[in-house]
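Peer 1: Build me a model:
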Amino acid sequence: MIWQSKLLNKFHEISHGFVSDPYSFPFYFSLKHIPSYIRFLSLIKIFPNRWVVAEQVHGDNIYVSKISNVSFFPKIANKTDIILTQERRHPLIMFFADCIPIFVYIPKIRLIGLAHSGWRGTIKKLPQKLIYELKNRYNISSEDIFIGVGPSIHSCCFEVKEDFISQLPKEYRKYLIYEKEKVKYDLIALLLQQLEEEKIPKENVDISDICTYCNNAYYSYRRNKTSERNIAYIFLK
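Peer 2: The predicted structure is shown next:
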């Protein structure tokens, strides 16, 4: 299964996707994942020594990557949930199983980005920090930024407990959904609010309506506690 943003597909100088079986494998993969690894290689057609793979920690660190790897293995971006690059044929790769994948492209400066925004990162304003940093580091405007948001868990299935609610800032509690004995949360609505606060035009944002919990074609940690992961990738051709 491969998902791509219709908005980002308009830019032919980039390639991106959100993939599950038969292309995906986890960060710590084993021998059984080698066939999937080979299929993923054939999909993106770029050898691993040009990849940069994030060691995701549900934080908000930003890693700006350059091609410097001389081994066969991918470069690891340690303890980061946001990767940026302006290098060609340098795929940014992250792993997901319900969290929100954020694909970024700024055609004005030929910069791509990939972010992993789980519920912790989202309530800590990771999406907002990403946009703020892009505008200030690269002297661009909100109108220059295009965003694709891939499949993730949606409000239909994101049931939350008191440990989550207690960490929510008051201004974010408006996205709580009370259904009989269940409480759910709309992380996508919160993400959109943060993008709006950074003045990203609505026409510059494309959000997948696929819920990874509902859709069995994608791996979901909440659904079956799997160690398998979907993979997000983006690169400049």
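
Peer 1: Could you measure from the residue nearest to residue 56 when sequence neighbours are not counted over to residue 49?
Peer 2: Excluding the flanking residues, the one nearest residue 56 by CB to CB, 6 or more residues apart in numbering is residue 116, at 4.8 Å. In this view, the C-beta of every residue, glycine as well, is placed from N, C-alpha and C. Counting by CB to CB, to the nearest Å, the gap from residue 116 to residue 49 is 23 Å.

Peer 1: returning to that earlier point: from what I see, the residue nearest to residue 56 and residue 55 are in contact.
Peer 2: No. Residue 116 lies out of contact with residue 55 (CB atoms under 8 Å); the separation is 10.4 Å.

Peer 1: ok, and for the longest helix seen in the chain, which residues are buried?
Peer 2: Secondary structure of the chain per DSSP state H: the longest helix is helix 126-138. Across helix 126-138, burial judged by 16 or more other CB atoms under 10 Å covers 126-131, 134-135.

Peer 1: Same check on stretch 77-92?
Peer 2: Neighbour-count burial for stretch 77-92 [16+ other CB under 10 Å]: 77, 80-85, 87, 90-92.

Peer 1: Taking the residues you listed together, which two end up most distant?
Peer 2: 81 and 87 (19.5 Å; CB to CB).

Peer 1: thinking again about what came up before, counting by contacts, list what the helix or strand that comes right after the longest helix of the chain packs against.
Peer 2: Remark: after helix 126-138, the chain's next helix or strand is strand 146-149, criterion DSSP states H and E. On a contact count with 3 or more CB pairs under 8 Å, 6 or more residues apart in numbering; DSSP states H and E, strand 146-149 meets strand 100-106, helix 187-197, strand 205-207.

Peer 1: State the number of residues packed around the residue nearest to residue 51 when sequence neighbours are not counted.
Peer 2: Excluding its sequence neighbours, the residue lying closest to residue 51 (CB to CB, 6+ apart) is residue 74, at 3.8 Å. Using other CB atoms under 10 Å, residue 74 has 16 other residues around it.

Peer 1: Can you verify my assumption that residue 74 contacts residue 46?
Peer 2: No. Using CB under 8 Å, residue 74 is not in contact with residue 46; the gap is 10.4 Å.

Peer 1: which residues touch residue 145?
Peer 2: Going by CB atoms under 8 Å, 6 or more residues apart in numbering, residue 145 touches 104-106, 131, 134-135, 200, 204.

Peer 1: wait, which of those is closest to residue 171?
Peer 2: Checking the contacts of residue 145 against residue 171 with CB to CB, the nearest one is residue 131 at 18.0 Å.

Peer 1: I'd like the distance from that closest one to residue 194, if you could.
Peer 2: 8 Å.
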